[in-house]
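# Task: produce atomic coordinates for the following.
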Amino acid sequence: MLKVDINLLFTVINLFILFFVIWKFLFKPVKKIIAKRQEEVKAVYDEADKAKAEAEEVKSSYEEQLKKAEEEKNAILKEGRAKASSDYEKIIESAKLEAGNIVDKAKADAKEESERIMKNANDEIGELVTKAAAKISLTKENPEADLKLFDEFLSKSGE
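Numbers count the residues shown, from 1 in each chain. From the prediction side, this is the model:
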């Protein structure tokens, strides 16, 4: 059986005092430390979220700049291709014009050369005819001599 006496009462009072002292000096500081740690952890998470948001912003800015650079590169390439095509057409047109001029000059030179050759041939033929006529007029011998002179004339004119 349980005796209720003064010792039990002092024991209960001591337990309440001990509980109050432990509560006052142990649980409250521990709760404050835990609350402080939770605030620090929350601050770290908030800072990490903020850094993540900034990183996302920088990433989107970088991607936008990359997209602009790609568009600028494509525009420069397109412009370069257009200029190269234009230059190509100009070069081809110039080459065609120059080739035409060269062909025209060659034709003119060939015509001049042909005329010069014909003139020289006519001059030589004229000389040969003159020489043949002079020989014929000097020899006046017979028709056989005339044929011989004529054959000689033809062989020299063929050369």
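# before we move on, which element is Ala133 in?
Per DSSP states H and E, Ala133 falls inside helix 28-139.
# Show the low-confidence segments of the protein, by residue range.
For the chain, the stretches with pLDDT under 70 are 1-4, 135-143, 145-146, 149, 157-159.
# swap the cut-off to 50 and go again
Low-confidence segments of the chain (pLDDT under 50): none present.
# And the residue nearest the centre of it?
In the chain, the centroid-proximal residue (Cα atoms, centre = their mean) is Leu77; its distance is 5.8 Å.
# follow-up on the earlier one: what is the helix holding Ala133 packed up against?
Applying 3 or more Cβ pairs under 8 Å, 6 or more residues apart in numbering; DSSP states H and E, we find helix 28-139 packed against helix 143-158. Quick note: C-beta positions are derived from backbone N, CA and C, even for glycine.
# Could you report the separation of the residue nearest to the centre of the chain from Lys90?
20 Å (Cβ to Cβ, to the nearest Å).
# do the same with Ala106
Counting by Cβ to Cβ, the gap from Ala106 to Lys90 is 24 Å.
# how many neighbours does Gln65 have?
A count of nearby residues for Gln65, using other Cβ atoms under 10 Å, gives 10.
# So what's the gap between whatever helix or strand Asn14 lives in and the chain middle?
Secondary structure assignment for Asn14, by DSSP H and E: helix 6-22. On the basis of Cα atoms, centre = their mean, to the nearest Å, helix 6-22 sits 91 Å off its chain's mean C-alpha point.
# Equivalent analysis for stretch 42-61, please.
Per Cα atoms, centre = their mean, the centroid offset for stretch 42-61 relative to its chain is 39 Å.
# In that stretch, which residues have enough neighbours to count as buried?
When burial is assessed from 16 or more other Cβ atoms under 10 Å, stretch 42-61 yields no buried residues.
# Would you mind writing the CA trace of that stretch as CSV?
Taking C-alpha atoms only, stretch 42-61 is exported to CSV below (Å, rounded to 0.1, in the frame of the first residue of the first chain):
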residue,chain,number,x,y,z
LYS,A,42,15.1,28.6,-44.3
ALA,A,43,17.4,31.5,-45.1
VAL,A,44,19.8,29.1,-46.9
TYR,A,45,16.9,27.6,-48.9
ASP,A,46,15.7,31.1,-49.7
GLU,A,47,19.2,32.1,-50.8
ALA,A,48,19.5,29.0,-52.9
ASP,A,49,16.1,29.7,-54.5
LYS,A,50,17.2,33.2,-55.2
ALA,A,51,20.5,32.0,-56.7
LYS,A,52,18.6,29.4,-58.8
ALA,A,53,16.2,32.2,-60.1
GLU,A,54,19.2,34.3,-61.0
ALA,A,55,20.9,31.4,-62.7
GLU,A,56,17.7,30.8,-64.7
GLU,A,57,17.6,34.5,-65.6
VAL,A,58,21.3,34.4,-66.7
LYS,A,59,20.6,31.2,-68.7
SER,A,60,17.6,32.7,-70.5
SER,A,61,19.7,35.8,-71.2
